[in-house]
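In: would you be able to build a 3D model of this:
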Amino acid sequence: MNKAIFLDRDGVINNDKGHYYIYKIEDFKINDGIVESLKKFQENNYLLIIISNQGGISKGIYTIEQVEEVHNYLKKYLKNCNIELTEIYYCPHHSSNEKCLCRKPNTLMLEKAIARFNIDVSTSYLIGDGVRDIEAGEKVGLHTIKIDANENILKYCKLIVNY
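Out: Below is the predicted model of the structure:
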C-alpha cells in the first residue's frame, strides 16, 4: 500500500489572500514552504495529491479550462523543482445550486484517490486550511492537520517526516 499527503489547494498550496476564487495564473502565487515541504514528502515516498473545491465553475465565475490552465501551470512549476504531483482532484460543483458527493466535506474525491492509488489511510495525511477539509479527511480515516490560511507548512512537514 502507498502513503499519501492530500493537500487543499487555495490557502495551502497557493496564497488566496484577497481572492476568494483563483482561476488566473497571474493570481496564482505559491505559498512559502510548499516547494521544500513537497520535496521532503516526495523524498519520503509520499504520493502528493491535491483535493480542491472549485465551486466557481458551477457559479459561472470561471471555466473548467481556466482551472486546468492553472493546474497545468502548477504541475509545470513543481516539475521544474523536481516535484511530481500524483494527481489533482477538484469538485466543480457548489452547494448553493446543486448537490454532489465530491464537494468537501463530502469524500468522493478522497475515496477515488484512495482506491486508485491503493493508499493506506493510517499512514496518510490531509493538510487543509478549512473545516470542510478536515471533516472530509476525518471521515475517511486520514490524519488531518488544520493550518491557518496561507501558513507555511514546513513545520508540519517536519513533524510528519521527522527530519
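In: helices of the protein, residue ranges please.
Out: 34-43, 64-80, 108-116, 131-139, 154-161 (DSSP state H).
In: now render those helices as CSV, adding mean pLDDT and distance to residue 86.
Out: For glycine as for every other residue, the C-beta is placed from the backbone atoms N, C-alpha and C. Below are the helices of the chain laid out as CSV (pLDDT from 0 to 100; distance: least, C-beta to C-beta, whole Å):
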stretch, mean pLDDT, distance to residue 86
helix 34-43, 98, 9
helix 64-80, 97, 11
helix 108-116, 98, 8
helix 131-139, 98, 16
helix 154-161, 95, 16
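In: nearest to residue 19, of the ones you listed?
Out: helix 64-80 (11.8 Å; C-beta to C-beta).
In: for that closest one, the distance to its chain's centre please.
Out: 13 Å (C-alpha atoms, centre = their mean, to the nearest Å).
In: which parts of it are buried?
Out: 66-67, 69-71, 74, 78 (16 or more other C-beta atoms under 10 Å).
In: okay, these in JSON lines with distance to residue 138 next?
Out: Below are those laid out as JSON lines (distance: C-beta to C-beta, whole Å):
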{"residue": "66", "distance to residue 138": "31"}
{"residue": "67", "distance to residue 138": "26"}
{"residue": "69", "distance to residue 138": "32"}
{"residue": "70", "distance to residue 138": "28"}
{"residue": "71", "distance to residue 138": "26"}
{"residue": "74", "distance to residue 138": "26"}
{"residue": "78", "distance to residue 138": "27"}
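In: and which of these is nearest residue 114?
Out: Lowest distance from residue 114 to the buried residues of helix 64-80 (C-beta to C-beta) belongs to residue 71, with 20.4 Å.
In: wait, the closest one sits on residue 88?
Out: Yes. If you go by C-beta atoms under 8 Å, residue 71 and residue 88 touch, sitting 5.1 Å apart.
In: just checking, residue 45 touches residue 3?
Out: Yes. With contact defined as C-beta under 8 Å, residue 45 reaches residue 3; the gap is 6.8 Å.
In: tell me which of those two has more neighbours.
Out: residue 3 (18 against 10; other C-beta atoms under 10 Å).
In: now the helices of the chain in a markdown table, with distance to residue 97?
Out: Formatted as a markdown table, the helices of the chain follow (distance: least, C-beta to C-beta, whole Å):
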| stretch | distance to residue 97 |
| --- | --- |
| helix 34-43 | 32 |
| helix 64-80 | 16 |
| helix 108-116 | 18 |
| helix 131-139 | 17 |
| helix 154-161 | 34 |
